[in-house]
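In: Provide a 3D model corresponding to the input given below.
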Amino acid sequence: MKVHVPLDHEQVDAIVVTQLKESILMFENDLKKYDTEGLWPSVFSCDEEEDKKQIKKMIKAMNRCVRWYGQPGKDYEL
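Out: Okay, here's the model as predicted:
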């Protein structure tokens, strides 16, 4: 059975922003694992420094997307 739920563009934007923010938090937690727990998540690379670099690059890109899709002054709940 298929269910079709119509969404307007603001609802889609809110979903995208919420998912991006969740991903940013996940990547920030991965960086904390390197620094505080001594764990090595190896998200993008098996080289620790390259992995940190790529995680930071991804966080920066996702933050740019949040600014693009998000509405000024509006916060989306996680």
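In: mind listing what's buried along the longest helix along the chain?
Out: Criterion DSSP state H: the longest helix present in the chain is helix 9-32. Applying a neighbour-count criterion of 16 or more other CB atoms under 10 Å, one finds Asp13, Ala14, Val16, Val17, Thr18, Leu20, Lys21, Ile24, Phe27, Asp30, Leu31 buried in helix 9-32. (Each C-beta comes from the backbone N, C-alpha and C, glycine too.)
In: what does stretch 49-61 give?
Out: Applying 16+ other CB under 10 Å to stretch 49-61 flags Asp51, Lys52, Ile55, Met58, Ile59 as buried.
In: now render those residues as TSV, adding secondary structure.
Out: As requested, the buried residues of stretch 49-61 are exported to TSV (DSSP: H, G, I helix; E, B strand; the rest coil):
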residue	secondary structure
Asp51	helix
Lys52	helix
Ile55	helix
Met58	helix
Ile59	helix
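In: any chance of those residues in a markdown table, with pLDDT and distance to Glu37 too?
Out: A markdown table is the format used below for the buried residues of stretch 49-61 (pLDDT from 0 to 100; distance: CB to CB, whole Å):
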| residue | pLDDT | distance to Glu37 |
| --- | --- | --- |
| Asp51 | 91 | 15 |
| Lys52 | 90 | 14 |
| Ile55 | 94 | 15 |
| Met58 | 96 | 20 |
| Ile59 | 96 | 18 |
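In: do you know how far the closest residue to Ser23 other than its chain neighbours is from Trp68?
Out: Once flanking residues are discounted, Ser23 sits nearest to Met62: 5.9 Å by CB to CB, 6 or more residues apart in numbering. Applying CB to CB, to the nearest Å, the value for Met62 to Trp68 is 10 Å.
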